[in-house]
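Engineer: My questions are about this predicted structure, shown below with the sequence.
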Amino acid sequence: QQQSWSVHDYHLLEHPLQQAIVSEIKRLMPQLEFDTAIDGCGVPTFYMQLKDMALMFRTMIQDSSYQEIIATMNRYPMLIAGKKYFDSLLMAQYPSKYLAKGGAEGLMLFADLDLAQVVVLKTLDGSQRVKAACSQALIGIELEGIGLDLTNSKGEKIGFIKSSVDKSLLDL
């Protein structure tokens, strides 16, 4: 509304908001070519390889024009995903140390802001719990509030999800 753009059709790729997003992606990654699709929320999503996502995320965290956004995400982490989600809990429990944003179907991006190291994780089954377990293992921390316990139909704890990572296999 600040731009005087219509809001009823913001979900269309031709809308100025979506075109501004396309322009920003091209500014951050001029050599990147990408396709679009419509996501589960009905808005355009931009297909790119995980490697390209990592490079763009690293470019963003080092770009001065993103510092206010990064600070705001760290100031209000529960607005990012919620109190049971890895990205929000990581920023809440380690303020200004990490930036994290999850996506649909098992996608997670997070960065160590001090080291400018970025991790992009994609779980094949799209599971939220597996995404959280793997993300914690990659960082080497356990966050409070992540629901990794397994329960039966009576609500009794019968196990938990835990991930281990051989970091020698990763290009971090």
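Structural biologist: Done, it's in.
Engineer: low-confidence ranges in this protein?
Structural biologist: Along the chain, segments meeting pLDDT under 70 span 167-172.
Engineer: Now do the same contact list for the residue nearest the centre of the chain.
Structural biologist: Geometric centre of the chain, nearest residue: Lys101, 2.3 Å, by CA atoms, centre = their mean. Neighbour list for Lys101: 73, 80-81, 87, 108-110 [criterion: CB atoms under 8 Å, 6 or more residues apart in numbering]. No exception for glycine: its C-beta is placed from N, CA and C like everyone else's.
Engineer: same check, this time on Ser135
Structural biologist: So Ser135 contacts 86, 90, 100, 108, 110, 119, 121 (CB under 8 Å, 6+ apart).
Engineer: Show the backbone phi and psi for Leu148.
Structural biologist: Backbone torsions of Leu148, given as degrees, to the nearest 10, read phi -110, psi 10.
Engineer: How many neighbouring residues does it have?
Structural biologist: For Leu148, the neighbour count with other CB atoms under 10 Å is 16.
Engineer: mind checking how far it is from Trp5?
Structural biologist: Counting by CB to CB, to the nearest Å, the gap from Leu148 to Trp5 is 42 Å.
Engineer: the strands in the chain, which residues?
Structural biologist: Per DSSP state E, the chain carries strands over the ranges 35-38, 44-47, 98-103, 107-112, 117-122, 149-151, 157-160.
Engineer: Show me the one of the ones you listed that comes nearest Arg27.
Structural biologist: strand 44-47 (13.5 Å; CB to CB).
Engineer: Any chance you could list what contacts that closest one?
Structural biologist: For strand 44-47, the external contacting residues (CB under 8 Å, 6+ apart) are 11, 13, 18, 21-22, 25, 34-39.
Engineer: Same check on stretch 15-25?
Structural biologist: By CB under 8 Å, 6+ apart, the list of residues contacting stretch 15-25 from outside reads 3, 5-6, 9-13, 32, 34, 43-44, 46, 56.
Engineer: and what of stretch 65-73?
Structural biologist: For stretch 65-73, contacts defined as CB under 8 Å, 6+ apart pick out 60-61, 80, 91, 96, 99, 101, 113.
Engineer: Can you turn the buried part of those into a PyMOL selection?
Structural biologist: Here is the PyMOL command that selects the buried residues among those (16 or more other CB atoms under 10 Å):
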select buried, resi 60+61+80+91+99+101+113
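Engineer: Mind putting the contacts of stretch 65-73 into TSV with distance to Val130?
Structural biologist: As requested, these are arranged in TSV below (distance: CB to CB, whole Å):
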residue	distance to Val130
Met60	26
Ile61	25
Ile80	19
Met91	20
Ser96	27
Leu99	21
Lys101	17
Leu113	25
